[in-house]
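Student: need a structure here:
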Amino acid sequence: MFISERRADVIWHGGFAHGQGSLRSDSGAFEHFPITRCARLEHSTGKTCPEELLAASLASCQAMAMAHTLEQRGYAPDKITVQASCIMENIQGAPKITGITLIIRGSVPAIDANTFDTLAIEADRLSPVANALRNNVEIRLNTALEYYTSS
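Tutor: Here you go, the predicted structure:
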């Protein structure tokens, strides 16, 4: 069953080392989003790169999956934050994204840390972006419950 399709377009000018491009989303959420090679390997100077966009995509997807999972289990999250760090390494002479570390924090009333951890693992299985990466990129989950109160 087909659920949705989303599109992004990139225009790149110049060669790899000194070129630059801009990214545009079909939704209009961002237009002329600057991307460069330098943002990938050196200083970002207000521009982004594919690895940062992949981290952002996974972090936003995990936050939505976590909110959904918590609600399905009867919890009402006050706040969920997800930090994603994308690691690129040189493997056998070629660049490869080898892992993404996620730090999932939540302020969720009436939940304990063990339940929060369990639900974070369950939510990870519902994340379309994580599922696209799974078995190719190691995704490491770290969780932290910021507070909870007993029912």
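
Student: tell me what the longest helix belonging to the chain is packed against?
Tutor: Using DSSP state H, we find that the single longest helix of the chain is helix 50-72. Secondary-structure packing of helix 50-72 (3 or more C-beta pairs under 8 Å, 6 or more residues apart in numbering; DSSP states H and E): helix 37-41, strand 79-91, strand 94-107, helix 113-126, helix 128-133. Heads up, the C-betas are built off the backbone N, CA and C, glycines and all.

Student: lowest average confidence across the ones you listed, which one?
Tutor: If you rank the helices and strands packed on helix 50-72 by mean pLDDT, helix 37-41 sits at the bottom with a mean of 76.

Student: then it to PDB, C-alphas only?
Tutor: Written as PDB, here are the backbone C-alpha positions of helix 37-41 (Å, rounded to 0.1, in the frame of the first residue of the first chain):
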ATOM      1  CA  ARG A  37      31.500  20.000   0.500                       C
ATOM      2  CA  CYS A  38      33.100  22.200   3.100                       C
ATOM      3  CA  ALA A  39      30.100  21.700   5.400                       C
ATOM      4  CA  ARG A  40      30.800  18.000   5.100                       C
ATOM      5  CA  LEU A  41      34.500  17.900   5.900                       C
END
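
Student: and the closest residue in space to Phe116 that isn't next to it in sequence, how many neighbours?
Tutor: Closest residue in space to Phe116, ignoring its immediate chain neighbours: Leu145 at 4.5 Å, by C-beta to C-beta, 6 or more residues apart in numbering. By other C-beta atoms under 10 Å, 18 other residues sit near Leu145.

Student: right, and Leu145 touches Ala113 too?
Tutor: Yes: the criterion here is C-beta atoms under 8 Å, and Leu145 meets it with Ala113 at 4.6 Å.

Student: list the buried residues of stretch 40-59.
Tutor: 40, 47-49, 51-52, 54-55, 57-59 (16 or more other C-beta atoms under 10 Å).

Student: end-to-end on that stretch?
Tutor: End-to-end distance for stretch 40-59, by C-alpha to C-alpha, to the nearest Å: 18 Å.

Student: all further residue positions should be reported with the first residue as 288.
Tutor: New numbering, starting at 288: the last item is stretch 327-346.

Student: in a strand, Glu318, correct?
Tutor: No: assigned with DSSP: H, G, I helix; E, B strand; the rest coil, Glu318 falls outside any strand and is coil.
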